[in-house]
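> Here's my sequence, what's the structure:
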Amino acid sequence: MKNLKTLAKRSIAQIPFVQSWRQNREYRVERALIGNKRLDSSNQTSVIHYSVNKAATQYTKRIMLRCGAENGLIPVRMSDYAWIKEFPYLFQLSPEQVKPYLHIFRPNGFLYTVFGGLVEGIPNLDSYRTLIMVRDPRDMLVSAYYSYSKSHAIPKSESKAAEFMEFRKKISNMSVDEYVIDMSENTRWRMEQYMKLQQISDTVCILKYEDMISDFNCWLDSLLTHCQWQISPTLREKLLSESAQSKKVTEEKTSSHRRQVTPGDHKRKLKDSTIAYLDNHFSDILNQFGYKIDER
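Predicted coordinates for the structure are as follows:
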């Protein structure tokens, strides 16, 4: 009987009307902001969370959501909404294209997490606290190659799923060295955008993936201080415990979304000539963030 009930629930969940109802309910905040509707919120300063890809993006987002909730912020997951709906990724739009959506951003009471690139033209950016997660671009590109070619989830939006599968097909015919060189210019452009943003506003903070791995407690304190958040001892203990557990994953799994956490993976996967190319291409970024360039 229990199995029959479980099967019945699963069958009902697959009905398009039911799926649509659940999605609309889950993303009611996002839909309200898109419609420019009034939402009651706190006076707490809103936080905008950006990240480069493959910098513990989803893990950091979950931390942000839990900490933000304890500080009275309403979560806004526009990229998650775009993942399932025919709605654009805001960070992929040009400054002109994004203008009709900028009313979504409100300086008090909201946590916007996470964008995989800069959303340009947000008014009065100094009224927000902006947090950006970066990673050594050489490691990031290697991780992205294995993720996008093997393990990365497929968007539920039909148009984005088709686009993603076309991209996966393209890179399945590329070596890791070919991929990282091909994508290096786009990666450099995005990281330079983040660097410039930090230079023009002291409300912008850039944190490193490598610091999260090496000293989670210090990294967490930096995150909380910048966002002007306080969290309960219970939540802090949970976050520290979860971080300790995650570090026990040492064996590489190329088919896993969380494939390799140890910094320096590009040295193990790329040809010396490819590393030399990336070192030169990213030299300013590597120096800015303190990433080592090994002499060969």
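
> Could you list the low-pLDDT ranges of the protein?
For the chain, applying pLDDT under 70 flags the ranges 1-21, 248-261, 295-296.

> if you set the cut-off to 50 instead, what comes out?
Applying pLDDT under 50 to the chain flags residues 250-252, 255-259.

> what residue lies at the spatial centre of it?
Centrality entry for the chain: nearest residue to the mean C-alpha point is Thr57, 3.6 Å, by Cα atoms, centre = their mean.

> Can you tell me the closest non-neighbouring residue to that residue?
Leaving aside its sequence neighbours, Thr57 sits nearest to Ser51 (Cβ to Cβ, 6 or more residues apart in numbering; 4.6 Å). All C-beta spots, glycine's among them, are computed from the backbone N, C-alpha and C.

> Val52 too?
Looking at Val52 with Cβ to Cβ, 6+ apart, the closest residue is Val134, at 5.3 Å.

> For the residue nearest to Thr57, the count of nearby residues, please.
Ser51 has 25 neighbours, counted by other Cβ atoms under 10 Å.

> just Ser147 next, same as before
Burial of Ser147 is recorded as 19 neighbouring residues (other Cβ under 10 Å).

> got it, and the one 3 residues further on?
Other residues lying near Lys150 total 16 when counted by other Cβ under 10 Å.

> ok, so what distance separates it from Arg168?
Distance, Lys150 to Arg168, by Cβ to Cβ, to the nearest Å: 9 Å.

> Can I take it that Phe87 is in a helix?
No. Under DSSP: H, G, I helix; E, B strand; the rest coil, Phe87 sits outside any helix and is assigned coil.

> Just the element for the nearest residue to Phe87 once chain neighbours are set aside, please.
Among residues not flanking Phe87 along the chain, Tyr81 sits closest, at 5.9 Å (Cβ to Cβ, 6+ apart). Secondary structure assignment for Tyr81, by DSSP states H and E: helix 78-84.

> what helices or strands is that helix leaning on?
Applying 3 or more Cβ pairs under 8 Å, 6 or more residues apart in numbering; DSSP states H and E, one finds that helix 78-84 makes contact with helix 28-34, strand 110-115.

> can you put these in JSON lines and add mean neighbour count?
Written out in JSON lines, the entries for the helices and strands packed on helix 78-84 read as follows (neighbours: other Cβ atoms under 10 Å):
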{"stretch": "helix 28-34", "mean neighbour count": "17"}
{"stretch": "strand 110-115", "mean neighbour count": "25"}
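
> For the helix holding Tyr81, output the C-alpha coordinates as CSV.
The C-alpha trace of helix 78-84 is given here as CSV (Å, rounded to 0.1, in the frame of the first residue of the first chain):
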residue,chain,number,x,y,z
MET,A,78,16.5,34.7,-10.3
SER,A,79,19.0,32.3,-12.0
ASP,A,80,17.2,29.3,-10.5
TYR,A,81,13.9,30.7,-11.9
ALA,A,82,15.5,31.2,-15.3
TRP,A,83,16.8,27.6,-15.1
ILE,A,84,13.2,26.2,-15.3
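
> Would you pull up how far the helix or strand just after it lies from the middle of the chain?
Later in the chain than helix 78-84, the nearest helix or strand by DSSP H and E is helix 95-98. For helix 95-98, the gap between its own C-alpha mean and the chain's C-alpha mean amounts to 21 Å (Cα atoms, centre = their mean, to the nearest Å).

> what do you get for stretch 179-187?
Mean-position distance between stretch 179-187 and its chain equals 18 Å (Cα atoms, centre = their mean).

> Surely the residue nearest to the centre of the chain is in contact with Thr113?
No. In this structure Thr57 lies outside contact range of Thr113 using Cβ atoms under 8 Å: 9.5 Å.

> Quickly note the distance from the residue nearest to Glu30 when sequence neighbours are not counted to Lys271.
If you skip the residues right next to it in sequence, Glu30 has Tyr81 as its closest partner in space, 4.4 Å away by Cβ to Cβ, 6+ apart. Taken as Cβ to Cβ, the spacing of Tyr81 relative to Lys271 amounts to 40 Å.

> neighbour count winner among the two?
In this comparison of Tyr81 against Lys271, neighbours counted by other Cβ under 10 Å, the higher total goes to Tyr81 at 20 against 11.

> pretty sure the more buried one contacts Pro88?
No. Taking contacts as Cβ under 8 Å, Tyr81 lies outside contact range of Pro88: 10.3 Å.

> Just the C-alpha atoms of stretch 97-108, please, in PDB.
Listed in PDB are the C-alpha atoms of stretch 97-108, where the atom choice follows Å, rounded to 0.1, in the frame of the first residue of the first chain:
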ATOM      1  CA  GLN A  97      18.700  44.400 -22.600                       C
ATOM      2  CA  VAL A  98      18.700  44.300 -18.800                       C
ATOM      3  CA  LYS A  99      17.100  47.700 -18.300                       C
ATOM      4  CA  PRO A 100      13.500  46.300 -18.200                       C
ATOM      5  CA  TYR A 101      14.400  44.000 -15.400                       C
ATOM      6  CA  LEU A 102      16.400  46.300 -13.100                       C
ATOM      7  CA  HIS A 103      13.300  47.100 -11.000                       C
ATOM      8  CA  ILE A 104      13.700  43.500  -9.600                       C
ATOM      9  CA  PHE A 105      16.600  44.900  -7.400                       C
ATOM     10  CA  ARG A 106      15.500  46.500  -4.200                       C
ATOM     11  CA  PRO A 107      18.100  47.800  -1.700                       C
ATOM     12  CA  ASN A 108      16.500  46.600   1.500                       C
END
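
> If anything else comes up later, I'll come back, but that's it for now.
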